[in-house]
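# below are the sequence and a predicted model for it; my questions follow.
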Amino acid sequence: MKIATTILGLAALAIAQFNYDDWRAPAEGDLRGPCPALNALANHGFLPRDGRNISQAALLNATAAVNLSAEVTIGLFLAALKTSSDPVSGAFTLQDLKKHNIIEHDGSLSRADVGTPGAGDQEFNHDVFSEFKSFFGGAMQISLPLAAAARWGRIKSAHKSNPHFVYGPVQRFNSYAETAVYFSVLLDPATGTVPLDWLEVFFCEERLPAREGWHTPTPISGLGAASVILQLSMATDEKNADLVLPPTKRGFSGFTHTGEIVL
């Protein structure tokens, strides 16, 4: 009993070191990327506020603020390092994450696809986010099936409007993972859902909604994240034929929703 109490005390102390009230909008020259979660961590000062020189240690320290496990964080860091303009340094910037089809992908929940009208510099896009929210059907509490429907709705919409749309295995995984992350981080344990107002703060302001009543979630492990991804996929009417691969030297691009080859 003593050991359990000590462990709980240490966990509470670790969470207490984070000041969720010290949020600041990016200053001129600060770098931000296409990931609302990492942008929010920088806006709170858990990551470097300038968005530069993000090492594995810096990322581990920052993601502790949302109780993301070391295993998940290290996986994220290794993926992010692939985008780095200077990978030998062992660090990346938030701007590096804008490189297309590494982590960033078509069918985002809050950004227009690269090369399409409104894409800009991959900053937050109100029209895209409004469309994403429309798939909730007016619900104020977002259940996991609603989160799955909204993710899939954005993928289908982007596929329809973007002639260069890509949705291969990597993009599909990243799409599911980003929904699993926001759902796990923002989940209200009292209801088992994500309050819409928390979601809006997270995406629109890139801020953790502590003022609105959000509290640090229970630890998000690799197994836990995988479980949420599995539940999202089971709630989605998606088939392998829905994959849209990038063009190859032979000119093969992928399949349409009916299974026809796209050249």
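The structure has been received and is ready for your questions.
# make sure Ala180 is indeed in a strand.
No. Remark: Ala180 does not belong to a strand; assigned using DSSP: H, G, I helix; E, B strand; the rest coil, it is helix.
# against Ala149, how distant is it?
Separation of Ala180 from Ala149 (C-beta to C-beta, to the nearest Å): 15 Å. C-beta coordinates here come from the backbone N, C-alpha and C atoms, glycine included.
# which of those two has more residues huddled nearby?
Ala180 (25 against 19; other C-beta atoms under 10 Å).
# doesn't Ala235 make contact with that one?
No. Contact criterion C-beta atoms under 8 Å: Ala180 and Ala235 do not qualify, at 12.0 Å.
# please tell me how far the residue nearest the centre of the chain sits from Arg151.
Nearest to the geometric centre of the chain sits Glu178, at 3.3 Å (C-alpha atoms, centre = their mean). For Glu178, the distance to Arg151 (C-beta to C-beta) stands at 8 Å.
# got any residues that touch both of the two?
Shared contacts of Glu178 and Arg151 (C-beta atoms under 8 Å, 6 or more residues apart in numbering): Leu109.
# list of residues touching stretch 177-195?
With C-beta under 8 Å, 6+ apart as the criterion, stretch 177-195 contacts 35-37, 66, 68, 109, 140-144, 147-148, 150-151, 198-199, 202-203, 209, 212-214, 217-218, 220, 224-225, 228-229, 232.
# 7 Å - rerun?
37, 66, 109, 141-144, 147, 151, 198-199, 202, 214, 217, 220, 224-225, 228-229, 232 (C-beta atoms under 7 Å, 6 or more residues apart in numbering).
# so how far is that stretch from its chain's centroid?
12 Å (C-alpha atoms, centre = their mean, to the nearest Å).
# what comes up buried for that stretch?
Going by neighbour count (16 or more other C-beta atoms under 10 Å), the buried part of stretch 177-195 is 177-188, 193-195.
# same question, stretch 225-242
For stretch 225-242, the buried set under the neighbour-count rule, 16+ other C-beta under 10 Å, comprises 225, 228-229, 231-232, 235-236, 238, 242.
# next one: it to chain centre, how far?
Distance of stretch 225-242 from the chain centroid (C-alpha atoms, centre = their mean) equals 16 Å.
# low-confidence ranges in the stretch 101-250 of the chain?
Within the stretch 101-250 of the chain, the stretches with pLDDT under 70 are 249-250.
# where do the strands of it begin and end?
Taking DSSP state E, counting those that start in this stretch as the test, the strands found in the stretch 101-250 of the chain are 141-142, 194-195.
# what about Gly153, neighbour count?
Gly153: 17 neighbours (other C-beta under 10 Å).
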